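Compute the structure for the input listed below.
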Amino acid sequence: MTEPSSLSEVRELIDGIDGELVRLLAERQGLVRAAASFKKDTAAVRAPDRVEQVVASVRNRAAGAGLAPDVAEAVWRAMIAAFIELELREHARIETDGQRGGTL
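Numbers count the residues shown, from 1 in each chain. Next comes the predicted model:
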């Protein structure tokens, strides 16, 4: 990538990256919703050991990619917290539907 020559060019490049991140987050959201159907309870949704495993992995990958590990950790912890809340709602919906005899 060539160095941007203006602030507007920097912003345009950031906007492009943001668009790709939104697409990837939407894909991740679909997988989070799918995961909710495999988990038996809210403890499995929260999965603190898995959260720590993901964060450690992201910190390692960040360091190798030239991203500050602290920045990566902060972003992932915020993202994971938001997706856990979504997954808890999805899990509750599945449980409620299951009690009513609904289908997935």
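
got the contact list for Arg46?
Ile84, Leu88 (CB atoms under 8 Å, 6 or more residues apart in numbering). Bear in mind the C-beta positions are built from the backbone N, C-alpha and C, glycine included.

Repeat the analysis, applying 10 Å as the threshold.
Residues near Arg46 by CB atoms under 10 Å, 6 or more residues apart in numbering: Lys39, Ile84, Glu87, Leu88.

Could you list which of the residues you listed belong to strands?
Per DSSP state E, strands hold no members of the contacts of Arg46.

Would you list the buried entries among these?
Lys39, Ile84, Glu87 (16 or more other CB atoms under 10 Å).

Number of residues surrounding the closest residue to the first one other than its chain neighbours?
This points to Lys39. Excluding its sequence neighbours, the residue lying closest to Lys39 (CB to CB, 6 or more residues apart in numbering) is Val45, at 5.3 Å. Using other CB atoms under 10 Å, Val45 has 21 neighbouring residues.

residues touching Val45, list them.
32, 35-36, 39, 83-92.

try 7 Å this time
By CB atoms under 7 Å, 6 or more residues apart in numbering, the contact set of Val45 is Ala36, Lys39, Ile84, Glu87, Leu88, His91.

which one of those sits closest to Ala78?
Ile84 (10.9 Å; CB to CB).

which residues touch the closest one?
Val45, Arg46.
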